[in-house]
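Participant: Coordinates for the following, if possible.
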Amino acid sequence: MSDQEIADRIHELQHADRVERLIIQPQDLARHRIRAKTDKGTDCQIIIPRDQSLADGAVLFLETDRAVVVRIDEQRWLTLVPTSIADAIELGFFCGNLHWRVKFSGSELRVALEGPESDYLDRLRPLIERGAVHWVDND
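Facilitator: Next up, the predicted model:
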């Protein structure tokens, strides 16, 4: 079956409400064994070869009357701005010790949220309270 034929079949099944979505968190994309439930409650156990990875829209299962498609949940970020170079070094060391995934955008450090934002802010509270780091509300 060609990619176009698969896309057409998925489109038909969507109109019949016969496509189940398996929502994968961004931090789970590196895993090669995943167990999760679809939005319609189907239990899925996925084993991915080491040389492959999941992507948004991947079709895991396709039959004449039903399909299961991967959807990657949107990555949420906590944006922090240190107030000085010394504070930036301390913040970087702090995040590194906790093994938080980060990325940089100018003077901002963005932490990938893999749980409730409040958990991260609780850990950062001493830095925030003394003014070493400012939290930027992304809402």
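
Participant: Quick check: residue 9 vs residue 22, distance?
Facilitator: When distance is defined by Cβ to Cβ, to the nearest Å, residue 9 is 17 Å away from residue 22. To be clear about C-beta, it is placed using only N, CA and C from the backbone, and glycine gets the same treatment.

Participant: who does residue 81 bridge with?
Facilitator: Judged by DSSP bridges, the bridge partners of residue 81 are residue 134.

Participant: Count residues in the vicinity of residue 19, would you?
Facilitator: Neighbour count of residue 19, defined by other Cβ atoms under 10 Å: 21.

Participant: okay but it is in contact with residue 13, surely?
Facilitator: Yes. Residue 19 lies in contact with residue 13 (Cβ atoms under 8 Å); the separation is 4.9 Å.

Participant: Mind listing the shared neighbours of the two?
Facilitator: Jointly contacting residue 19 and residue 13 under the rule Cβ atoms under 8 Å, 6 or more residues apart in numbering are 66, 67.

Participant: Let me see the contact set for residue 102.
Facilitator: Neighbouring residues of residue 102 by Cβ under 8 Å, 6+ apart: 92, 95, 109, 110, 111, 112.

Participant: Swap in 7 Å and give it another go.
Facilitator: Listed by Cβ atoms under 7 Å, 6 or more residues apart in numbering, the contact set of residue 102 reads 95, 109, 110, 111.

Participant: In helices, which of the residues you listed appear?
Facilitator: Of the positions in these, residue 95 sit in helices, assigned by DSSP state H.

Participant: now, which of the contacts of residue 102 sits nearest residue 136?
Facilitator: Set against residue 136, the nearest of the contacts of residue 102 by Cβ to Cβ is residue 110 (9.2 Å).
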